[in-house]
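Undergrad: Here is a sequence together with a model predicted from it:
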Amino acid sequence: MRILFRAHALQRLIERRITKECAKKILKEGTIIESYPDDRPYGSYLALGWCGDRPIHIVYAKSDEALIIITAYEPDPAKWSADFTQRI
């Protein structure tokens, strides 16, 4: 399936020093930790993966044709459980 990057996602990747390759790896190998089926125009997901020793969250939507990366960030340890899978 194709992977598309929204303009916002590309800007955030640059600002947060996350590579496109890292984001793609997380989509393929990461774990979905939340889903948002009511998001429009497509339901979306929050995936957790690792780039080296950095935990990274990727928010993406899934259309019939592509996975669309919406944003990416390194989760704040003060707002997430120790394994970065649950909000606190």
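TA: Sure thing, it's come through.
Undergrad: Look up the pLDDT of the residue nearest the centre of the chain for me, please.
TA: By C-alpha atoms, centre = their mean, the chain has its centre lying nearest to Ile58, at 0.6 Å. We have a pLDDT of 98 for Ile58.
Undergrad: buried set for the strand or helix carrying it?
TA: Using DSSP states H and E, Ile58 falls within strand 54-62. For strand 54-62, burial by neighbour count (16 or more other C-beta atoms under 10 Å) applies to Pro55, Ile56, His57, Ile58, Val59, Tyr60, Ala61. Where C-beta positions appear, they are placed from N, C-alpha and C, glycine not excepted.
Undergrad: Spatially, which two of those are the most separated?
TA: By the measure C-beta to C-beta, Pro55 and Ala61 form the most distant pair in these, at 21.2 Å.
Undergrad: Show me the beta-bridge partners of Tyr45.
TA: Following DSSP bridges, Tyr45 is listed with bridge partners Ser35, Tyr60.
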